[in-house]
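In: when you get a sec, could you give me coordinates for this:
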Amino acid sequence: MDYTTGQILTAGNEHQQRNPASLTKLMTGYVVDRAIDSHRISPDDIVTVGRDAWAKGNPVFDGSSLMFLKEGDRVSVRDLSRGLIVDSGNDACVALADHVAGGQPQFVKLMNDYVEKLHLRDTHFETVHGLDAPGQHSSAYDLAVLSRAIIHGEPEFYHMYSEKSLTWNGITQQNRNGLLWDKTMNVDGLKTGHTSGAGFNLIASAVDGQRRLIAVVMGADSPKGREDQARKLLHWGQQNFDTVQILHNGKKVGTERVWYGNKEQIALGTDRDFWLSLPKAEIPNIKAKYVLDKKELEAPIAAHQRVGEIQLYDRDKVVAHWPAGYAGRR
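Out: Residues are numbered from 1 along each chain as shown. Down below sits the predicted model:
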């Protein structure tokens, strides 16, 4: 996926419902960040860890990834978020769910509310951490959409996805996203996941100049396999596509004669910025032209009033169109 436009550059089985494993935690983090945005909680809130978030004697957490919290620990929301992202800590997810929503079932409801808001049609959550559960599923497409929303909506928190290690309670753990160490590309997130039911999952986002791409791999058979596939996808997208700004808000696309007004000519344009991700070879063939709704323009015409449409052509094929209007004084 191209981050700027949301366009899918290539995909296979992208709507197949699969077990998201720890990629579930992307939604957990997203819900926490929305709670911070709405001032329901703050990153500096201190959370007292409950028994349900302590792995000791809790069979749910057996053999799974942990931040290694202890019952009674006092930890900030910011540090719990780092534990969720860097350590993939299932215990951190439970502590955050308790703090934000008063319990795991209530928090899962919030997760599924955001599934609807983001129009994730292949996704349903049953847990706050992603351990295998009947009825829990997502898809490569939905997880790319969610990742794009996280990068867009969490500038304060997104940098945590690039942290290579975290030390907590004297235990240092490495981020499992091996592409963060890859010198051939600038990967700064997002997340790995693995359970026996899911296989090996990875979402990686890489910046190349002004462009950002998001690659999602689900169900690989090893950590190396998921990294190789994600690296291939990112390199392919960087080599073969460019993201270009086609239209500029308020910038003139053309001029037209106007009748019965105090100006003879008006500038036509659009009231939006528009970007398109295109194969590099096609960019020289892209042309824009506008078509008026009526043969002649008559005053009065308000700024941004629609008078026609701008059509974007790739050779002789229309690939997009937008309303065209009076571009005002700019």
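
In: show the contacting residues for the residue nearest the centre of the chain.
Out: For the chain, the residue nearest the mean C-alpha position is Arg148 (1.4 Å; Cα atoms, centre = their mean). Each residue near Arg148 by Cβ atoms under 8 Å, 6 or more residues apart in numbering is listed here: 1, 3, 6, 214. No exception for glycine: its C-beta is placed from N, CA and C like everyone else's.

In: tell me the buried residues in the strand or helix carrying it?
Out: Here Arg148, judged by DSSP states H and E, is contained in helix 140-153. Within helix 140-153, the residues scored as buried using 16 or more other Cβ atoms under 10 Å are 140-151.

In: from those residues, pick the one nearest Ser162.
Out: Comparing the buried residues of helix 140-153 against Ser162 with Cβ to Cβ places Ile151 closest, at 11.4 Å.

In: separation between the closest one and Val49?
Out: Note on Ile151: its distance to Val49, by Cβ to Cβ, to the nearest Å, is 29 Å.

In: after the helix holding Arg148 comes which helix or strand?
Out: Using DSSP H and E, the helix or strand that follows helix 140-153 towards the C-terminus is helix 155-158.

In: which residues sit against that next one?
Out: 29, 33, 36, 43, 81, 85, 150-151, 188-189.

In: nearest residue to Tyr313 in space, please, no chain neighbours.
Out: Lys287 (4.9 Å; Cβ to Cβ, 6 or more residues apart in numbering).

In: what helices or strands is the host helix or strand of that neighbour leaning on?
Out: Here Lys287, judged by DSSP H and E, is contained in strand 286-292. Under the contact criterion of 3 or more Cβ pairs under 8 Å, 6 or more residues apart in numbering; DSSP states H and E, strand 286-292 touches strand 241-247, strand 306-314.

In: in the following helix or strand past the first one, what's buried?
Out: Toward the C-terminus, strand 241-247 is succeeded by strand 254-259 as the next helix or strand (DSSP H and E). Judged by neighbour count (16+ other Cβ under 10 Å), strand 254-259 contains these buried residues: 256, 258.

In: coming back round to it: and which of the buried residues of helix 140-153 is nearest Ser222?
Out: Ala140 (17.9 Å).

In: same list (the helices and strands packed on strand 286-292) but as CSV, adding mean pLDDT and mean neighbour count.
Out: Formatted as CSV, the helices and strands packed on strand 286-292 follow (pLDDT from 0 to 100; neighbours: other Cβ atoms under 10 Å):
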stretch, mean pLDDT, mean neighbour count
strand 241-247, 89, 18
strand 306-314, 86, 17
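
In: so which of these gets nearest Asp73?
Out: Of all the helices and strands packed on strand 286-292, strand 241-247 comes closest under Cβ to Cβ, at 44.2 Å.

In: hmm, back to that, quick check, nearest of the buried residues of helix 140-153 to Gln265?
Out: Comparing these against Gln265 with Cβ to Cβ places Arg148 closest, at 40.7 Å.

In: could I get the buried residues of helix 140-153 as CSV with pLDDT and distance to Phe125?
Out: Shown next, in CSV, are the buried residues of helix 140-153 (pLDDT from 0 to 100; distance: Cβ to Cβ, whole Å):
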residue, pLDDT, distance to Phe125
Ala140, 97, 16
Tyr141, 98, 16
Asp142, 98, 11
Leu143, 98, 12
Ala144, 98, 17
Val145, 98, 15
Leu146, 98, 11
Ser147, 97, 16
Arg148, 97, 18
Ala149, 96, 15
Ile150, 95, 15
Ile151, 95, 20
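
In: can I get those residues in JSON lines with distance to Leu131?
Out: Shown next, in JSON lines, are those (distance: Cβ to Cβ, whole Å):
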{"residue": "Ala140", "distance to Leu131": "20"}
{"residue": "Tyr141", "distance to Leu131": "23"}
{"residue": "Asp142", "distance to Leu131": "19"}
{"residue": "Leu143", "distance to Leu131": "17"}
{"residue": "Ala144", "distance to Leu131": "23"}
{"residue": "Val145", "distance to Leu131": "23"}
{"residue": "Leu146", "distance to Leu131": "19"}
{"residue": "Ser147", "distance to Leu131": "21"}
{"residue": "Arg148", "distance to Leu131": "25"}
{"residue": "Ala149", "distance to Leu131": "23"}
{"residue": "Ile150", "distance to Leu131": "21"}
{"residue": "Ile151", "distance to Leu131": "25"}
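
In: please name the bridge partners of Val75.
Out: Beta-bridge partners for Val75, by DSSP bridges, are Val47.

In: actually, Ala324.
Out: Beta-bridge partners of Ala324, as defined by DSSP bridges: Gly308.

In: surely it touches His304?
Out: No - Ala324 is not in contact with His304 according to Cβ atoms under 8 Å; the separation is 10.0 Å.

In: so which of those two has more stuff around it?
Out: Neighbour totals were compared for Ala324 and His304, and Ala324 leads with 27 against 17 (other Cβ atoms under 10 Å).
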